[in-house]
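*Asks:* pasting the structure only:
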């Protein structure tokens with residue numbers, strides 16, 4: 001699996017605390033319009049978000065199912081809507097992180113989440 005050492009420019013450009021190491025060289029980094037919110041996008045499909053404060057980025061409503069899964073041994077909440085869009089949300093060292101896939105596979109979502117590393121204190 002590629003590590004951030006394969007993509008030092010991405011690590012240096014990322015102003016956040018956490019970043020996915022899964023296919024590190026392919027992530028496109030961006031700062032969103034919401035204060036303290038940072039996102040990275042892989043293949044125009046997987047969207048990783050680090051929140052500046054505690055957040056609940058889940059969709060709610062009819063047809064959304066929720067279940068708990070493990071990310072690095074810690075609980076994470078996986079939501080899936082009627083269209084099959086997946087959102088995984090978990091806390092890592094006091095920071096809320098999420099991974100959204102409008103058209104992705106749960107296995108890949110969990111691989112990406114499991115590769116998230118802390119790059120800043």
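*Replies:* Sure thing, it's come through. The structure presented is a predicted model; accordingly, all values stated were derived computationally and were not measured.

*Asks:* Now name the helix or strand holding residue 99.
*Replies:* Assigned by DSSP states H and E, residue 99 falls within strand 95-101.

*Asks:* That strand: how far from the chain's middle?
*Replies:* Mean C-alpha position of strand 95-101 versus that of the full chain (CA atoms, centre = their mean, to the nearest Å) differs by 4 Å.

*Asks:* got a list of contacts for that strand?
*Replies:* 17-18, 20, 45-51, 53-57, 85-91, 108-109, 112-113, 116 (CB atoms under 8 Å, 6 or more residues apart in numbering). Where C-beta positions appear, they are placed from N, C-alpha and C, glycine not excepted.

*Asks:* Which ones among the residues you listed map onto strands?
*Replies:* If you go by DSSP state E, the contacts of strand 95-101 have 18, 20, 46-50, 86-91, 116 in strands.

*Asks:* Next, the buried residues of stretch 68-85.
*Replies:* By 16 or more other CB atoms under 10 Å, the buried positions in stretch 68-85 come out as 71, 76, 77, 78, 79, 80, 81.

*Asks:* okay, residue 42: pLDDT?
*Replies:* For residue 42, the pLDDT comes out at 83.

*Asks:* so what's the residue lying closest to it once chain neighbours are set aside scoring on pLDDT?
*Replies:* Leaving aside its sequence neighbours, residue 42 sits nearest to residue 27 (CB to CB, 6 or more residues apart in numbering; 5.3 Å). You'll see residue 27 listed with a pLDDT of 82.

*Asks:* cool, and residue 50?
*Replies:* In this model, residue 50 is scored at 89, pLDDT.

*Asks:* for it, what are its contacts?
*Replies:* With CB under 8 Å, 6+ apart, residue 50 has these contacts: 16, 17, 18, 19, 37, 38, 39, 95, 96, 97.

*Asks:* One more: residue 30?
*Replies:* Residues in contact with residue 30 (CB under 8 Å, 6+ apart) are 38, 39, 40, 41.
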